[in-house]
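Peer 1: Turn this into a structure:
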Amino acid sequence: MSDARRAKETGAGARESKLEPARHAATPRRLRRRVWIVRLVAPLAILGPGLIAANASNDAGGVAAYASVGARYGYDLLWVIVLITVSLIVVQEMAGRMGIVTGKGFAEVVREHYGVRWTTVVLLSILVTNLAIGISEFVGIAAASELLHVPREVTVPLAAVLVWTILVRGSYRWAERIFIAMTIPFFAYPIAAVLAHPHWGTVGYAIVKPQLHTSPRYVYLVVAIVGATIMPFMQLYLQSAVAERGVRVEELGRQRLDIVGGVIFANLIAGFIIISTAAALFAHGITNVGSAADAARALEPFAGHFAKELFAVGLLGASLLAAAILPVTTAYVISESFGMEKGVGRHFREAPVFTTTITVLVGTGAIVALIPGLPVIALLVGVQGLNGVFAPITLFFRWRLSRNRELMGEWRSGRFLSAVAGATVIAMTILSLVLLVATVTNPGGL
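Peer 2: Numbering: from 1, shown residues only. Take a look at the predicted model:
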């Protein structure tokens, strides 16, 4: 080796040795920074179908039902939210577990175990409610946009194009991230509740001490709350979504955190809607809410200048999320019922039934929402009552299937989960029958 080359390498080595301490000094800082970022982001990694499905229940109809409850009965029905939270966690967990263990959607499992006839019964009940709820979401978008002083003729078509593009032209991962982002506007409701200055001692008492009434309107609103909270399309979407996501059985514990956290967050939002309207409306003698605009404007004198805008932002986010979940859920069910291709982002040639269903539901919802003079709150609350009547059908089949040893193996539901789910089915069936009798005997009372 020549002296020149030896000197060059020696110089390079010296330069490296001078730089080496600096690199080693920087490495711990970088590692600490990375660890901090991972710890910050790690809790968000579990967010997914469970959070999306639960929050989709706080849609336009749900907001209308909760606002009507708060305006008419104050805090008296908050105890129902607590009971529903327990039932909903159990039902949602069953849906997620079934999707993970079987790798199939609900309609596909029903078809394989009960045949085409019972699948048709389930399919028709789902189509009736999902079509009605899908329309109500675009009605909610229209009402929210007008509260923000934007014409519905602008926002409704834009929302329809946005939803259709996400579901037909996007990918599942992309759509899921957008759905999670759509839950951010829900934080408007806790803020509105605080601004309304409720009596928190009375709120706590109403939660632990049920206040019962015998009027048909009370029964109707109880059914509407249950229908708005335990919605079949939530479980249908959750099961199909975890199956499409490819969640493995080893990840069941992590998925349960997503499901439980999503349910608790969603029902807290529902409670805050009731609290805000009870404090701002019921406490001041305003018991009738005729439209979304009425509910928002009535909040303004008591909850501050921005109450109307907060209500509108929350309603818009809720309606957009559900307007996207409803069509894709219905498309999953129809495709699974007939054994056809399905999946978010599939082109028409790959999944014609799936994409056509999405297109028809989005288009129908947008067109109906543009009709002037619709009785918004009556329509939205009525849809939740309809959903409460049909929900026991889907829940019954899910309860039976979750206990099936052949289907679920070692992951089938135990005695406690089966008991809670069975009680939920029975309670919803009884409420539906009571509502039917009340409607026939005293239709004016509703």
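Peer 1: pretty sure Ile259 is touching Ile89, no?
Peer 2: Yes: applying CB atoms under 8 Å, one finds Ile259 in contact with Ile89, separated by 7.1 Å. Where you see a C-beta, it was placed from the backbone N, CA and C, and this is true even at glycine.
Peer 1: Need the overlap of contacts for these two.
Peer 2: Between them, Ile259 and Ile89 share no contacting residue under CB atoms under 8 Å, 6 or more residues apart in numbering.
Peer 1: So which of these two has more stuff around it?
Peer 2: Using other CB atoms under 10 Å as the criterion, Ile259 and Ile89 rank with Ile259 on top: 28 against 22.
Peer 1: what helix or strand is the spatially closest residue to the more buried one that is not a sequence neighbour on?
Peer 2: Of all residues not flanking Ile259 in the chain, Gly50 sits nearest, at 3.6 Å (CB to CB, 6 or more residues apart in numbering). Here Gly50 sits within helix 49-56, counting by DSSP states H and E.
Peer 1: Output the next helix or strand after that helix as CSV, restricted to C-alpha atoms.
Peer 2: Remark: after helix 49-56, the chain's next helix or strand is helix 60-73, criterion DSSP H and E. The C-alpha trace of helix 60-73 is given here as CSV (Å, rounded to 0.1, in the frame of the first residue of the first chain):
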residue,chain,number,x,y,z
ALA,A,60,-79.3,12.1,11.8
GLY,A,61,-82.1,10.0,13.1
GLY,A,62,-80.3,9.3,16.3
VAL,A,63,-79.6,12.9,16.9
ALA,A,64,-83.2,13.7,16.2
ALA,A,65,-84.4,11.0,18.6
TYR,A,66,-82.0,12.1,21.4
ALA,A,67,-82.9,15.8,20.9
SER,A,68,-86.6,14.9,21.1
VAL,A,69,-86.1,12.9,24.3
GLY,A,70,-84.2,15.7,25.9
ALA,A,71,-86.7,18.4,24.9
ARG,A,72,-89.8,16.4,26.0
TYR,A,73,-88.6,14.5,29.1
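Peer 1: all helices of the stretch 1-150 of the chain, in order?
Peer 2: Assigned by DSSP state H, counting those that start in this stretch, the helices in the stretch 1-150 of the chain fall at 3-45, 49-56, 60-73, 78-102, 106-147.
Peer 1: I'd like to know which of those has the weakest mean confidence.
Peer 2: Lowest mean pLDDT within the helices of the stretch 1-150 of the chain: helix 3-45, at a mean of 47.
Peer 1: Check Leu436 and give its pLDDT.
Peer 2: For Leu436, the predicted pLDDT is 63.
Peer 1: Quick one: residues contacting the residue nearest the centre of the chain.
Peer 2: For the chain, Ala56 is the residue whose C-alpha lies nearest the centre (CA atoms, centre = their mean; 1.9 Å). Contact analysis of Ala56 by CB under 8 Å, 6+ apart lists 231, 233-234, 237, 321-322, 325-326.
Peer 1: Dihedrals phi and psi, Gly339?
Peer 2: phi 70, psi 40 (degrees, to the nearest 10).
Peer 1: What residues does it make contact with?
Peer 2: Contacts of Gly339 by CB under 8 Å, 6+ apart are 108, 111.
Peer 1: What separation is there between it and Val328?
Peer 2: 18 Å (CB to CB, to the nearest Å).
Peer 1: same thing with Leu167?
Peer 2: Look at Leu167 and Val328: by CB to CB, they are 5 Å apart.
Peer 1: same thing with Arg256?
Peer 2: From Arg256 over to Val328 (counting by CB to CB), the distance is 23 Å.
Peer 1: Please apply the same query to Gly105.
Peer 2: Taken as CB to CB, the span from Gly105 to Val328 is 11 Å.
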